[in-house]
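Asks: Have a look at this prediction, sequence included:
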Amino acid sequence: MFDNDIIKAYLFNENFDIKKYVNINNVNMIDRYKNLILYYALLKEDKYSILYLLSIDSDKFINLISSENIITGIIFFNIKGILNKIFKSCRSRNLKDYFSDVNSNTELFKIIICNRQSHLYDKFDFIDCIDYYINIHKLKFHINPLVMGMMIEKEEESEKMVHYLLSKEFKIDDFDNALLYSIKLNLVYYTKLKFISNLLKYSIILDCYNIINIMINNRLKNIETEIYDDDNNKVSLWKYASQQNNVKMENYLKEVHIKLIRNKRCKNHVVERINKDN
């Protein structure tokens, strides 16, 4: 365990000489809160100490810092000019290992893209830096960064971020993934703006079972919801599928309908039994 007096001195003594008290033998030790001294250097945005600590610990740059790694911390605190030095000092194998985790990649890019504290062009710099050392086209995500760009609150900034990401030529095979997430994130707007009918219609036309499932599991509580067909008549979902000669989708929607009815009856039966027993 790290000497907590050293941590205390580093935090509160203006004349603390980090090179005198911290060296390669103790730099990776943790304090009682399980933090590295690098964590506190990040909190203080102390670039001099950060660079020194990294210089004596370059092989272990992925040490955990209160469940966040050094790279995440630097980006979260928007400390400019450090990320490039870290990557430059790291072994390529370490970088590849770090960026091989889907969860880490997703969280890292969410922090970059959605961080309210960072200027838009700082975000571009972070992504450019990562792309220089690791080809971002080879990275895997749970959520497409394009969708993360759509999540930015300021519309103008969101548009610029999406345009920038498109200029980086993200893989086209991420499109379906991005489409599903964008629809799921914006379901409330489809409902409020009464676009739900069109969304369901085109999901049937395009055989988008995933979108149908998202709607059923999140917003579409009643599978008997009627939509407007091409002649502006109200029809059931499976009737519309039948009109489109999509027998497979028609049967699927009927099966979902039957399943939901059974579940509803089962729940009602349980409630009746509970009330009866009481």
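Replies: Nice, thanks for sending it over. Numbers count the residues shown, from 1 in each chain.
Asks: list the contacts for the spatially closest residue to residue 212 that is not a sequence neighbour?
Replies: Excluding its sequence neighbours, the residue lying closest to residue 212 (Cβ to Cβ, 6 or more residues apart in numbering) is residue 203, at 5.1 Å. C-beta coordinates here come from the backbone N, C-alpha and C atoms, glycine included. Contacts of residue 203 were listed using Cβ atoms under 8 Å, 6 or more residues apart in numbering, and they are 211, 212, 215.
Asks: Give me the PyMOL select line for these, limited to the buried ones.
Replies: This is how PyMOL selects the buried members of the contacts of residue 203, with burial counted by 16 or more other Cβ atoms under 10 Å:
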select buried, resi 211+212+215
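Asks: The contacts of residue 203 in strands, which ones?
Replies: The strands, defined by DSSP state E, take in nothing from the contacts of residue 203.
Asks: So among the contacts of residue 203, where is pLDDT lowest?
Replies: Lowest in pLDDT among the contacts of residue 203 is residue 215, which has 71.
Asks: Skipping its backbone neighbours, what lies nearest that residue in space?
Replies: residue 200 (6.6 Å).
Asks: does the one you found belong to a helix or a strand, and which?
Replies: Element membership for residue 200 (DSSP states H and E) is helix 196-205.
Asks: What segments of the protein are strands?
Replies: Under DSSP E, the chain gives strands at 64-65, 68-69, 226-228, 234-236.
Asks: The residue nearest to residue 215 - how many residues pack around it?
Replies: Using other Cβ atoms under 10 Å, residue 200 is surrounded by 23 other residues.
Asks: swap in the one 5 residues further on?
Replies: By the criterion of other Cβ under 10 Å, residue 205 has 13 neighbours.
Asks: now swap in residue 44 and tell me
Replies: 13.
Asks: And for the one 4 residues further on?
Replies: Here the number of neighbours of residue 48 (other Cβ under 10 Å) works out to 10.
Asks: cool, residue 121 as well?
Replies: 10.
Asks: in the helix holding residue 200, what counts as buried?
Replies: Those would be 196, 197, 199, 200, 201, 203, 204, for helix 196-205 by 16+ other Cβ under 10 Å.
Asks: quick one, what contacts the last one?
Replies: Contacts here follow Cβ under 8 Å, 6+ apart; on that basis residue 204 touches 212, 237, 240, 241, 244, 246, 249.
Asks: List the single closest residue to it in space, sequence neighbours excluded.
Replies: residue 241 (5.1 Å).
Asks: Neighbours of that neighbour, how many?
Replies: 23.
Asks: pretty sure residue 10 is touching residue 20, no?
Replies: No. Look at residue 10 against residue 20 with Cβ atoms under 8 Å: they stay out of range, at 11.0 Å.
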